[in-house]
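Asker: Pasted the sequence and its predicted model underneath.
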Amino acid sequence: MSHHSFLAFDMGAASGRAILGQIKNHKLHLQELYRFPNRSVLICGHLHWNIFDLFEEMKKGIVVCISDKGVQPESLAIDTWGVDFGFLSDGDSILGLPYSYRDSRTDGIMEEFLKILPREKIYRLTGVQFLQFNSLFQLYALVRNKSPILDQLSDVLFIPDLFNFFFTGEKATEFTVATTSQLYNPVEKDWEKELFEAIGISRSVMQKIVQPGTIIGELRDSVVEETKMPHTPVVATASHDTGSAVAAVPGEGHNWAYISSGTWSCMGIETFEPIITEKAMRLNFTNEGGIEGTFRVLKNIMGLWLLQECRRSWKKNHNLSYDEQLRGAERASAFKRFIEPDWKGFLIPPDMPGAICEFCNNTGQTKPESPAEFVRCVLESLALKYRYVMTQIKKISPKAINRIHIIGGGSQNELLCQFTANATGIPVLAGPVEAAAVGNILVQAFSSGLLKNHEEMRRISRLSFQLKHYEPRKVNEWNTAYERFLEILEKNHLIGEKIDRF
């Protein structure tokens, strides 16, 4: 195999990276070229994404690739978070900064919309889990609040689609990000007409849906002139970052589950057909698109956001590095208190440690006193929540699960990986760390014809990255802790039903 280079922009809720991927001798080599911050900005009481600043930063990443590194990639592609979107007018003008999914304008909106169309009907049409920030409810919030944007609205573009438009001038929506919206019907393979009628917006504002690996277009002249990169193809990779991350899972066979671990923990299985059943709806599983027509049947769990926000609060008073905090957590007493990671108070609190103390107080538990105790509480609770979700996966999965792949930034957290193996009783394989960027690049290689299918992508991933194995330990102790975890959730009405223990 000759030398091939691809440029990936991997955009997370906290930062964006320009990463060069080079495939040679059946191995992928990554080089981070440029990193830049990304945080939502508060404007007039609402949270928005500064897409103009992010676009400028991406162009700087191209300059580093071309001018500083002297590399001309065969293509470039962008993956981002899902759900959020921007607007264009008739003349392709940008209608304001996109809202962040954490913005409060959707508080209570889901409940209002469910009075128009019942939960069962929506799930049957979309197979998507119910979260207040889904695109469906964000659009309805605009209608309900009589947003002036609607008077000029011509096109809705999800965040990665919007950046593709900035780079090429072409409009399209990529499959994996479309399926996060709760506006797409996976059976009909199109935007669901009945939902747009219920919202009160024409379905014509949506774009054609293209599959991962589709070439959207080439860099527009203004970008070529500014960055000195030639008219390079822009590929619609698996544009939802979790879609790209799952494309990079170095799994063999089919009997594995995954946890894409970052700000969110996305835990699930890969299937060839969506699982849209009454049981899947009751358990609130989502069916999101994957590569080559597959589906990611998964649940979103609040992830390392809990620690990220704790560390942000501690910056003024605690000068401990992340590694020092983890070492402290490892020495801290086990199973002193548990939180429900998906408690609504953790979505965007002004002070995360304060929110954790509030949860403990509300549930009759002692509050953490030190950073080590906070970290231990969060990591144990995440691992126990993974076990809880695994019991649900087993109820709907058409296949047995004998291992868990943890991918993304959380795969570096050895304590969380070991806790996950302990709590679930299932071996864990951790890596690759930059899973979204890896998947982004592998889909570009697939688009170029270099790779034939996703099995070849996974083989490249296995050959390229060293995986760390974690076997379950202290299983009896974790079984006892799990019973206490469930008792806290059940006693405080934080789960919808009593579930099977295993």
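Answerer: The structure has been received and is ready for your questions.

Asker: any idea how far the residue nearest to Lys59 when sequence neighbours are not counted is from His240?
Answerer: Leaving out its chain neighbours, the residue that sits closest to Lys59 by CB to CB, 6 or more residues apart in numbering is Thr227, at 5.4 Å. C-beta: built from backbone N, CA, C; applies to glycine. Look at Thr227 and His240: by CB to CB, to the nearest Å, they are 26 Å apart.

Asker: Among these two, which residue is more densely surrounded?
Answerer: Comparing Thr227 with His240 by neighbour count (other CB atoms under 10 Å), the higher total belongs to His240, at 31 against 21.

Asker: Next up, the contacts around Arg387.
Answerer: Taking CB atoms under 8 Å, 6 or more residues apart in numbering as the contact definition, Arg387 lies against Ala423, Thr424, Tyr482.

Asker: Looking at these, spot the one nearest His454.
Answerer: Thr424 (25.3 Å; CB to CB).

Asker: Isn't the residue nearest to Lys59 up against Val64?
Answerer: No. Between Thr227 and Val64 there is no contact under CB atoms under 8 Å: 9.8 Å.

Asker: anything in contact with each of those two?
Answerer: With CB under 8 Å, 6+ apart, Thr227 and Val64 have no common neighbours.

Asker: Next up, identify which helix or strand the residue of the chain positioned farthest from its centre is on.
Answerer: Centroid-distance maximum for the chain: Glu225 at 33.3 Å, with CA atoms, centre = their mean. In this structure, Glu225 sits in helix 221-227 according to DSSP states H and E.

Asker: May I have the strands that pair with the following helix or strand past that helix, each with its orientation?
Answerer: Remark: after helix 221-227, the chain's next helix or strand is strand 233-236, criterion DSSP H and E. In the sheet, strand 233-236 lines up against strand 76-79 (parallel), strand 214-218 (antiparallel) (DSSP bridges).

Asker: ok, longest helix in this structure?
Answerer: Among the segments of the chain that qualify as a helix by DSSP state H, the longest is helix 371-396.

Asker: What's the first helix or strand after it?
Answerer: Using DSSP H and E, the helix or strand that follows helix 371-396 in sequence is strand 404-407.

Asker: How about residues contacting that following strand?
Answerer: 245-246, 248-251, 256-261, 386, 390, 416-417, 420-421, 424, 426-433, 435.

Asker: before we move on, what about stretch 349-357?
Answerer: Under the criterion CB under 8 Å, 6+ apart, residues 306, 309-310, 312-314, 339, 345-346, 367-368, 374, 377-378 lie in contact with stretch 349-357.

Asker: same thing but 7 Å
Answerer: Stretch 349-357 is touched from outside by Leu306, Glu309, Cys310, Ser313, Ile339, Gly345, Phe346, Lys367, Pro368, Phe374, Cys377, with contacts defined as CB atoms under 7 Å, 6 or more residues apart in numbering.

Asker: Can I get the buried part of these as one PyMOL selection?
Answerer: Filtering the contacts of stretch 349-357 down to the buried ones (16 or more other CB atoms under 10 Å) takes a single PyMOL command:
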select buried, resi 306+309+310+313+339+346+367+368+374+377
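
Asker: of the contacts of stretch 349-357, closest to Leu136?
Answerer: Using CB to CB, Phe346 is the member of the contacts of stretch 349-357 that lies nearest Leu136, at 22.6 Å.

Asker: who's in contact with the closest one?
Answerer: Phe346 neighbours (CB under 7 Å, 6+ apart): Met302, Leu306, Ala355.

Asker: how far away is Ile356 from Ser333?
Answerer: According to CB to CB, Ile356 and Ser333 sit 16 Å apart.

Asker: Could you check which of the two has the larger neighbour count?
Answerer: More neighbours surround Ile356 than the other of Ile356 and Ser333, with 26 against 9 (other CB under 10 Å).

Asker: For the more buried one, pull up the helix or strand it's in.
Answerer: Here Ile356 is assigned to helix 352-362, by DSSP H and E.

Asker: what comes up buried for that helix?
Answerer: Here helix 352-362 shows Met352, Pro353, Ala355, Ile356, Cys357, Glu358, Phe359, Cys360 as buried, counting by 16+ other CB under 10 Å.

Asker: and the gap between the first one and Trp343?
Answerer: The span separating Met352 from Trp343 equals 12 Å under the rule CB to CB.

Asker: The third one too?
Answerer: Distance, Ala355 to Trp343, using CB to CB: 8 Å.

Asker: any idea how far the residue nearest to Lys59 lies from Cys357?
Answerer: Taken as CB to CB, the span from Thr227 to Cys357 is 48 Å.
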